[in-house]
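Q: I need the structure of the sequence given here:
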Amino acid sequence: MSEIPVDIDHAKHSVGGAGGHWFRRVTHIAMCIIPFAYYLRGEEIAGIVNLNPRDFIIAVLILFVLIEAIRVKMKIVIVGQREYEANQISALGWGAFAVCLALILAPQEGAGLEAGKYTIPLICGLTFVDPVMGEVKRAKKGMKNAILIGLIVSYSIWLASVMLFSTPLLAAVLLAPLTVAGEVPRLTWIDDNATMILFPLIPLILVDWIF
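A: Predicted structure coming up:
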């Protein structure tokens, strides 16, 4: 199967059933803590293993790749994961990969949370927009409604970043819909946990490199 039905009820295909599904959702949302921990306590956390924050994230990325390779090789699925993830890179693996790339590659200026003016909305867009859109589709409300609600949530996150972290308004206006666009493809070879970050991250990196 190369595509996943838009309105599939993932709870029926998750390890642990409905409980596993909601555990997955809560874990997904909790990932919003990552950029705040990185910018507020990054030096302290990385210092535990005598690394700087950027090198620490690179090490975490490599560790996740190794763990995911072993998991797929052994066909292991844990609570909240879906049956088909036994044979391919999991949503968690793709999400970890994309989050690490955002922390490593997104432009960072200033200090404290302002240094995360791009990274924070990139990652929070994934952690909040994805489960919201997923539940709209699971409720059989259709992709159009999922996109509409996703845009509302995504713009709320990006515009909040404009006010709180000095994210440029133009970047928020242009990148917020790309977060939602990353949820639209229904493919098995790459998860939307990756595309929801990569779609806005790639043009952001290109514009920063050019200018």
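Q: Check the most centrally placed residue in the chain and give its pLDDT.
A: Closest to where the C-alpha atoms of the chain average out (Cα atoms, centre = their mean) is Leu126, at 3.8 Å. Model confidence at Leu126, expressed as pLDDT, equals 95.
Q: distance of it from Ile197?
A: With distances taken as Cβ to Cβ, to the nearest Å, Leu126 is found 5 Å from Ile197. No exception for glycine: its C-beta is placed from N, CA and C like everyone else's.
Q: Give the buried residues for stretch 182-190.
A: Gly182, Glu183, Val184 (16 or more other Cβ atoms under 10 Å).
Q: For the helix or strand hosting Leu201, output the C-alpha coordinates as PDB.
A: Using DSSP states H and E, Leu201 falls within helix 192-210. Output of helix 192-210 as PDB, limited to C-alpha atoms (Å, rounded to 0.1, in the frame of the first residue of the first chain):
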ATOM      1  CA  ASP A 192       3.700  13.600   8.100                       C
ATOM      2  CA  ASN A 193       5.700  14.100  11.300                       C
ATOM      3  CA  ALA A 194       8.600  14.800   9.000                       C
ATOM      4  CA  THR A 195       6.900  16.700   6.200                       C
ATOM      5  CA  MET A 196       5.100  19.100   8.600                       C
ATOM      6  CA  ILE A 197       8.500  20.400   9.700                       C
ATOM      7  CA  LEU A 198      10.400  19.900   6.400                       C
ATOM      8  CA  PHE A 199       7.900  21.700   4.200                       C
ATOM      9  CA  PRO A 200       8.400  25.100   6.000                       C
ATOM     10  CA  LEU A 201      12.000  24.400   7.100                       C
ATOM     11  CA  ILE A 202      13.500  23.900   3.600                       C
ATOM     12  CA  PRO A 203      12.400  27.200   2.100                       C
ATOM     13  CA  LEU A 204      13.300  28.900   5.400                       C
ATOM     14  CA  ILE A 205      16.900  27.500   5.100                       C
ATOM     15  CA  LEU A 206      17.100  28.500   1.400                       C
ATOM     16  CA  VAL A 207      15.900  32.100   2.000                       C
ATOM     17  CA  ASP A 208      18.400  32.500   4.900                       C
ATOM     18  CA  TRP A 209      21.200  31.100   2.800                       C
ATOM     19  CA  ILE A 210      20.400  33.300  -0.200                       C
END
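Q: Counting by contacts, list what that helix packs against.
A: Where contact means 3 or more Cβ pairs under 8 Å, 6 or more residues apart in numbering; DSSP states H and E, helix 192-210 is packed against helix 91-105, helix 119-138, helix 169-181.
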